[in-house]
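Asks: task: produce atomic coordinates for the following.
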Amino acid sequence: RTMHDSADWSEKPAKPNPAPYFAISVAHHDPVVKKRALSLARATRNPEGQPIAWLELLADDPKVATDDLRQGPLSHLSRGTGSFFASTDWTKTATWVSLQASPLWADHQHSDQGHFEVVRGGDLLFTDPGDYDSNATSAHNCILVDDAGENMEKTPNQAIYGQKVGMRRFEDTGRFVYGEVEYSAAYDAPHDSGKARSVTRAERAVVVSRAPTSQSRSPGAARVVVYDRVTVRKGSYGVTFAIHPGAQPKGQAAAYRVDAGASSAELTALLPKGTTFKLVKEPSIKTDDIFKKDDPAKGMLGLRLENASPKGATERRFLHVIASGGSGDGKLAAEAVEGKGVDGARLDNEAYLFTKDGPQAKPAEVSYEVSEAATTHVVTGLAPKGHYSLAASKSGASCKVSLKPEGALVASAAGTVTLTLAPGCAAKAP
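Replies: I've put the predicted structure just below:
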């Protein structure tokens, strides 16, 4: 089973096709790559799939041993397709997370820039349930923008005209994986239409933590934090965060739980403040227009959770926290972290901060206050290789933390710093 299927598939969950791996094992010049490709082809061979006997005959040399595929890096960035894939470990119960934003490369590609998925083992926690030709953004875990048809052809869905989208920042520090995409052009009208851009900013940052929580009882647990910055041309436009659970969600208001197979996920909406999820049954529209169609595939739940932002302001922000683990894992409450220049979240002993106005080009001050229970903080969106001074102090049961321009603390090439706070709020960076 797969945790990413950003295109048309005849059946869901999508099954990888071994044919490209067999082809690579024949054509590639590097013997290490050839052997790896052959091992992947054997692992993904599907007796019920399309017949490729001639290719197997050429490629599948029985004298070549199969590699152990459960080893190597735990993340991969594909800049060409604007995608990253990350897992917690190589066990069969690992949590996998994907994020993607890429220009339109080929036919059958969906209007799903900014889409992410979360899967634990073979259990779909948050996924793409869409059927073949269900290209609509609403069938994916994306941001929906409704300009009432003023400029956008397929409102509230993305179109196919924007090419300037992609993965802007990525890193894997071992404990944390961070990726950030920019995809506002995905909402553009045809370039020769003379119409304005309804969406001038669409940025999604995702942080994945491989560290288990205090309530983790099973291997393969992860914490996934998703932060969205959206700027629209008019405050009257509707902007909505959409996500598709892989099983019937249970909960209310801003918190829902998904139990799928032997896995579970707790989803909490922290921004906008005071919002409540709305459950929408799919298909939500009857149409033959594939760019508006959100029909679920056979066997898929076909239900989306929507978190709509209040209208009025042109700047909208969303912040969601997902905790994945085994079905017997206990619940932890995520809480918002407020500050100057940042929005953030705390879950158990970790805090995650995102620059509110977008990734910094040069260092600027940010500060925040968070519960002393958070002993590890990851701050994203800073200036790559920027120099900062760090200050932290205790305030009741909380820690006040500030980062100011100039100093000995240097952000990573992706613009992040990870801080460790000792009792009493003494802070240090690795």
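
Asks: can we go C-alpha only for contacts and neighbour counts from here?
Replies: Fine.

Asks: neighbours around the closest residue to residue 297 other than its chain neighbours, how many?
Replies: In this structure, residue 297 finds its nearest non-sequential neighbour in residue 131, 3.9 Å apart by C-alpha to C-alpha, 6 or more residues apart in numbering. Using other C-alpha atoms under 10 Å, residue 131 has 22 other residues around it.

Asks: residue 131 contacts residue 299, doesn't it?
Replies: No - taking C-alpha atoms under 8 Å as the definition, residue 131 is not a contact partner of residue 299, at 10.0 Å.

Asks: which neighbours do those two share?
Replies: Any residue near both residue 131 and residue 299 by C-alpha atoms under 8 Å, 6 or more residues apart in numbering counts here, and that gives residue 12.

Asks: residue 67 and residue 41 touch, don't they?
Replies: No - using C-alpha under 8 Å as the test, residue 67 is too far from residue 41 to be in contact (11.1 Å).

Asks: give me every residue that touches the residue nearest to residue 297.
Replies: Residue 131 neighbours (C-alpha under 8 Å, 6+ apart): 8-12, 294-298.

Asks: now a ChimeraX select for only the buried ones of those residues.
Replies: The buried subset of the contacts of residue 131, as determined by 16 or more other C-alpha atoms under 10 Å, is captured in ChimeraX by this line:
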select :8,9,12,294,295,296,297
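
Asks: any idea which of the contacts of residue 131 is closest to residue 314?
Replies: Nearest to residue 314 among the contacts of residue 131 is residue 294, at 27.1 Å by C-alpha to C-alpha.

Asks: what's the spacing between the closest one and residue 212?
Replies: 35 Å (C-alpha to C-alpha, to the nearest Å).

Asks: one more: residue 344?
Replies: Distance, residue 344 to residue 212, by C-alpha to C-alpha: 19 Å.

Asks: between these two, which one's more packed in?
Replies: residue 344 (27 against 20).

Asks: quick check: buried residues in stretch 132-145?
Replies: 132-145.

Asks: for the residue nearest to residue 297, phi and psi?
Replies: Torsion angles at residue 131 (phi, psi; degrees, to the nearest 10) stand at phi -80, psi 170.

Asks: quick revisit: ok, so of the contacts of residue 131, who is nearest residue 333?
Replies: Ranked by distance to residue 333 (C-alpha to C-alpha), the contacts of residue 131 are led by residue 296 at 31.1 Å.

Asks: what's the longest helix anywhere in the chain packed up against?
Replies: Of all segments of type helix in the chain, defined using DSSP state H, the longest is helix 31-43. Packing partners of helix 31-43 (3 or more C-alpha pairs under 8 Å, 6 or more residues apart in numbering; DSSP states H and E): helix 19-27.

Asks: helix 31-43 and the helix it packs on, what's the angle between them?
Replies: Orientation of helix 19-27 against helix 31-43 (axes from the mean of the first three to the mean of the last three C-alpha atoms, to 10 degrees) gives an angle of 150 degrees.

Asks: ok, residues contacting helix 19-27?
Replies: The contact list for helix 19-27 (C-alpha under 8 Å, 6+ apart) reads 33-38, 40-41, 52, 55-56, 58-60.

Asks: which one (most neighbours) among those?
Replies: Highest neighbour count within these, by other C-alpha under 10 Å: residue 38, with 28 neighbours.

Asks: what distance do you get for that one to residue 16?
Replies: 14 Å.

Asks: try residue 194
Replies: From residue 194 to residue 16 the distance is 41 Å (C-alpha to C-alpha).

Asks: what about those two, which has more around it?
Replies: The residue with more neighbours, out of residue 194 and residue 16, is residue 16; 19 against 9, by other C-alpha under 10 Å.

Asks: so that one versus residue 9, what's the distance?
Replies: For residue 16, the distance to residue 9 equals 10 Å [C-alpha to C-alpha].

Asks: shaky segments in the chain?
Replies: Along the chain, the parts satisfying pLDDT under 70 run over 1-8, 10, 48-51, 104-107, 161.

Asks: in its sheet, what does whichever strand or helix holds residue 229 sit against?
Replies: Assigned by DSSP states H and E, residue 229 belongs to strand 222-232. If you go by DSSP bridges, strand 222-232 pairs up with strand 199-209 (antiparallel), strand 315-326 (antiparallel).

Asks: thanks a lot, see you next time.
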